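Visitor: One predicted model, sequence on top.
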Amino acid sequence: MAKTLVYVAHDNLNRNKGALAGARPETHAIVFVESQRVLNGARWNRQRLFFLLSAARHFAEELKDEGFEVTYLKDKDTASGIQSISKNYEEVISVEPSSYRLSKSLSDIGVRFIPNDFFLTPRALFEQWSKSQKSLKMENFYRWQRQRLGILISNGEPVGGRWNYDDENREPPPKSEYRWPTYPSHERDSIDEEVISELSNLNLSGALDEAVWGTSRKAALAQLKSFLKKSFKDFGPFEDAMTVKSWSLHHSLLSPYLNNGLLTPDEVIREALKEFDKGNIPLASCEGFIRQIIGWREYINGLYWIFGENYRESNFLESKNPLLPLFENSQSTKMKCVSETISGVEKRGWVHHIPRLMILSNLAALCDVSPVELLVWMRNNFIDAADWVMVPNVIGMSMHADGGRMSTKPYIAGGAYISRMSDYCGDCAYNPKTRIEDDSCPFTTLYWHYLHRNRDRFKKNHRMFQQLNGMKKLKDIDETIKRGDFLIEGLLAGEI
Ligand SMILES: Cc1cc2nc3c(=O)[nH]c(=O)nc-3n(C[C@H](O)[C@H](O)[C@H](O)COP(=O)(O)OP(=O)(O)OC[C@H]3O[C@@H](n4cnc5c(N)ncnc54)[C@H](O)[C@@H]3O)c2cc1C
């Protein structure tokens, strides 16, 4: 009898999940497809493409070693690749894809889907939760998850008596000498080298000098172990801090592995709780980390599926500007925080959530950049990008393009926030404290410009009342708007 063909997407690299969970070499064959449409369809960050391709090729080798018949194809697109061999098999199966686009192209060619268990919350369950809510607050979802999964719960109550330690977890970087943790550098093997050599023929951004991303399950486990030993303890306090002294601070660097299947959320949580149970980890750090995995990550995935395919086109603020040229060249701006952040993306395809939100997206929002332009740039450049995670984070959370379906108020800030949470401003060419001087920080000026130009859109939003009121009291609002216009023009021309 013909075997069943399992299609393994580049984010399903796990033997124990999805369509591979029940597969055996005697009854199943495997196919991977490197879609040339995807590969050549964008100017990807080199780290991102290297990681995705090399991790898939490593995983394909592991499956071959286990005795599976594995076909690794390069074809014009995924569906064509599968169709080129599917007639030799009984049927084709795959885990439910993580994007609308792939779901459609695979179902169009008759692939049968296995429920997606790469997340802790099935899509239907999230939908059920969302229907029981008046508003879709992450905090409420997170508490529901803690109860449902029995994580950091004792007798139905949160361990330690509180659900949330955010107020302890918002420290700026220490002013005095501080030793930031280091992370493993991953040795490259012949598969990695082969991918690197192939990539040299493509038009890509970024650089591969730093071997910060491993491409196998073994490397992903090494990353997890390193985080738990060296960084977990102080994960909480410095979660939102930014510093020139450490690119990774205490962050876990686990998102690429969680998103391509080399690690799963259940095992990450299990190992984190084991470490906490040994008594080495403060509750605020443990809770802060657990919140990211069972809260934010699951919430974002759930929203992606309930908001629907057209959500990405939302543009509540009618922002139409193109992406600023500085996004393509970290050295082209004198804004230290922006230059440092873009440089991090160029080198590693990664910066943590605050530079993504409060530097890159904040700048794009303040400059009235089209949300989709930012979405595409981020998708092309971040090591951990995927449709399900980028769309709600960019369209909803960071650009407020959905008019508040996800976050009731936009995440925007002036230079004072950046100055408080980082050490970028000390030797920057701009001054975060002023708004109408020649050297005023563009974030500060543009923050008021944003509030002013959107004042009618936000007038009924009670959470924006204080900010709008502050803007109304500015005596120099006309000069601020004038300088804001000048800054947007200069930033769009690549001159600031
Ligand atoms: C504008 C914007 C774009 C983002 N794009 C992505 C993306 O493409 N891919 C991605 O995985 N994350 C994205 N995030 C979320 C977050 O920035 C990254 O998950 C995190 O920086 C990854 O680094 P880490 O593994 O060290 O995370 P840690 O700070 O160590 O957090 C642990 C884990 O929590 C999860 N997590 C935390 N916040 C989120 C979130 N908002 N959405 C989804 N998962 C979350 C991640 O899996 C992460 O690995 C984005 C956030 C913003 C504001």
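Guide: Structure received. Residues are numbered from 1 along each chain as shown.
Visitor: which other helices and strands contact the host helix or strand of Ile488?
Guide: In this assignment (DSSP states H and E), Ile488 forms part of helix 477-492. Under the contact criterion of 3 or more CB pairs under 8 Å, 6 or more residues apart in numbering; DSSP states H and E, helix 477-492 touches helix 442-453. (Each C-beta comes from the backbone N, C-alpha and C, glycine too.)
Visitor: Show the low-confidence segments of the stretch 201-350 of the chain, by residue range.
Guide: Applying pLDDT under 70 to the stretch 201-350 of the chain flags no residue at all.
Visitor: Contact residues of it facing the ligand?
Guide: Within the stretch 201-350 of the chain, the residues that sit near the ligand (CB under 6 Å from any ligand atom) are 251-255, 258-259, 292-293, 296-297, 300.
Visitor: For the ligand, what is the nearest residue in the stretch 301-450 of the chain?
Guide: With CB to the nearest ligand atom as the measure, His353 is the residue of the stretch 301-450 of the chain nearest to the ligand, at 3.3 Å.
Visitor: Any idea how many residues pack against that residue?
Guide: The local packing of His353 (other CB atoms under 10 Å) involves 16 other residues.
Visitor: And Leu149, by the same measure?
Guide: Applying other CB under 10 Å, we find 16 residues neighbouring Leu149.
Visitor: and the spatially closest residue to Val394 that is not a sequence neighbour, what does it touch?
Guide: Once flanking residues are discounted, Val394 sits nearest to Leu375: 4.6 Å by CB to CB, 6 or more residues apart in numbering. Under the criterion of CB atoms under 8 Å, 6 or more residues apart in numbering, the neighbours of Leu375 are 312, 390-391, 394-395.
Visitor: Can you redo those residues as CSV, where the extra columns are distance to Lys334, neighbour count and secondary structure?
Guide: Below are these laid out as CSV (distance: CB to CB, whole Å; neighbours: other CB atoms under 10 Å; DSSP: H, G, I helix; E, B strand; the rest coil):
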residue, distance to Lys334, neighbour count, secondary structure
Arg312, 33, 22, helix
Met390, 29, 21, helix
Val391, 32, 24, helix
Val394, 26, 26, helix
Ile395, 30, 27, helix
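Visitor: correct me, but Asn164 touches Lys137?
Guide: No: applying CB atoms under 8 Å, one finds Asn164 not in contact with Lys137, separated by 11.9 Å.
Visitor: returning to what we had before: what's the most distant pair in the residues of the stretch 201-350 of the chain next to the ligand?
Guide: Leu253 and Ile300 (18.1 Å; CB to CB).
Visitor: Which of the two has more residues huddled nearby?
Guide: Higher neighbour count among Leu253 and Ile300: Leu253, with 23 against 20, using other CB under 10 Å.
Visitor: if I read this right, that one contacts Ala219, doesn't it?
Guide: No: counting by CB under 8 Å, Leu253 does not reach Ala219; the two are 11.2 Å apart.
Visitor: In three-state terms, label Asp240 for me.
Guide: Using DSSP: H, G, I helix; E, B strand; the rest coil, the secondary structure recorded for Asp240 is coil.
Visitor: Quick check, it in contact with Met421.
Guide: Yes: between Asp240 and Met421 there is a contact at 5.8 Å, judged by CB under 8 Å.
Visitor: what touches both of those two?
Guide: Common neighbours of Asp240 and Met421, counting by CB under 8 Å, 6+ apart, are 170, 354.
Visitor: so where do the strands sit in the stretch 101-250 of the chain?
Guide: 112-114, 153-154, 157-158 (DSSP state E, counting those that start in this stretch).
Visitor: Including distance to Ile196, could these go into JSON lines?
Guide: Below are the strands of the stretch 101-250 of the chain laid out as JSON lines (distance: least, CB to CB, whole Å):
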{"stretch": "strand 112-114", "distance to Ile196": "33"}
{"stretch": "strand 153-154", "distance to Ile196": "46"}
{"stretch": "strand 157-158", "distance to Ile196": "47"}
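Visitor: For these, could you give me TSV that also reports distance to the ligand, mean pLDDT and mean neighbour count?
Guide: Listed next are the strands of the stretch 101-250 of the chain as TSV, based on distance: least, CB to the nearest ligand atom, whole Å; pLDDT from 0 to 100; neighbours: other CB atoms under 10 Å:
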stretch	distance to the ligand	mean pLDDT	mean neighbour count
strand 112-114	22	97	14
strand 153-154	20	96	12
strand 157-158	19	96	14
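Visitor: hmm, back to that, name the residues of the helix holding Ile488 that come out as buried.
Guide: 477, 480-481, 483-484, 487-488, 491-492 (16 or more other CB atoms under 10 Å).
Visitor: now, which of these sits nearest the ligand?
Guide: Leu491 (18.6 Å).
Visitor: helices or strands next to the longest helix belonging to the chain in the packing?
Guide: Ranked by number of residues, the top helix in the chain under DSSP state H is helix 46-65. Contacts defined by 3+ CB pairs under 8 Å, 6+ apart place helix 46-65 against strand 28-35, strand 69-75, helix 190-199, helix 255-260.
Visitor: can you rerun that using 10 Å?
Guide: Judged by 3 or more CB pairs under 10 Å, 6 or more residues apart in numbering; DSSP states H and E, helix 46-65 is in contact with strand 28-35, helix 36-40, strand 69-75, helix 190-199, helix 217-226, helix 255-260, helix 336-348, helix 371-381.
Visitor: Could you say which of these is packed most deeply?
Guide: Each of those was assessed for mean neighbour count using mean count of other CB atoms under 10 Å. The highest is helix 255-260, with a mean of 24.
Visitor: Extract the C-alpha trace of it and format it as PDB.
Guide: Output in PDB follows, covering the C-alpha atoms of helix 255-260 (Å, rounded to 0.1, in the frame of the first residue of the first chain):
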ATOM      1  CA  SER A 255      11.400  33.000  19.900                       C
ATOM      2  CA  PRO A 256      13.000  31.700  16.700                       C
ATOM      3  CA  TYR A 257      13.100  28.200  18.100                       C
ATOM      4  CA  LEU A 258       9.500  28.400  19.500                       C
ATOM      5  CA  ASN A 259       8.300  29.700  16.200                       C
ATOM      6  CA  ASN A 260       9.900  27.000  14.000                       C
END
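Visitor: Could you point out the helix or strand that follows it?
Guide: Next element after helix 255-260 (DSSP H and E): helix 265-277.
Visitor: Dump that next one to PDB, keeping only the CA atoms.
Guide: Written as PDB, here are the backbone C-alpha positions of helix 265-277 (Å, rounded to 0.1, in the frame of the first residue of the first chain):
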ATOM      1  CA  PRO A 265       6.000  26.200  24.600                       C
ATOM      2  CA  ASP A 266       5.000  23.300  27.000                       C
ATOM      3  CA  GLU A 267       8.700  22.200  27.400                       C
ATOM      4  CA  VAL A 268       9.900  25.700  27.800                       C
ATOM      5  CA  ILE A 269       7.400  26.300  30.600                       C
ATOM      6  CA  ARG A 270       8.100  22.900  32.200                       C
ATOM      7  CA  GLU A 271      11.900  23.700  32.300                       C
ATOM      8  CA  ALA A 272      11.300  27.200  33.600                       C
ATOM      9  CA  LEU A 273       9.000  26.000  36.400                       C
ATOM     10  CA  LYS A 274      11.600  23.300  37.300                       C
ATOM     11  CA  GLU A 275      14.200  26.000  37.800                       C
ATOM     12  CA  PHE A 276      11.700  28.200  39.800                       C
ATOM     13  CA  ASP A 277      10.900  25.200  42.000                       C
END
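Visitor: and the very next helix or strand once past it, which residues are buried?
Guide: Following helix 265-277 in sequence order, the next helix or strand is helix 283-290 (DSSP H and E). Neighbour counts over helix 283-290 (16+ other CB under 10 Å) mark 283-290 as buried.
Visitor: and what of stretch 9-16?
Guide: 9-15.
Visitor: Can you spell out which residues form a bridge with Phe32?
Guide: Tyr72 (DSSP bridges).
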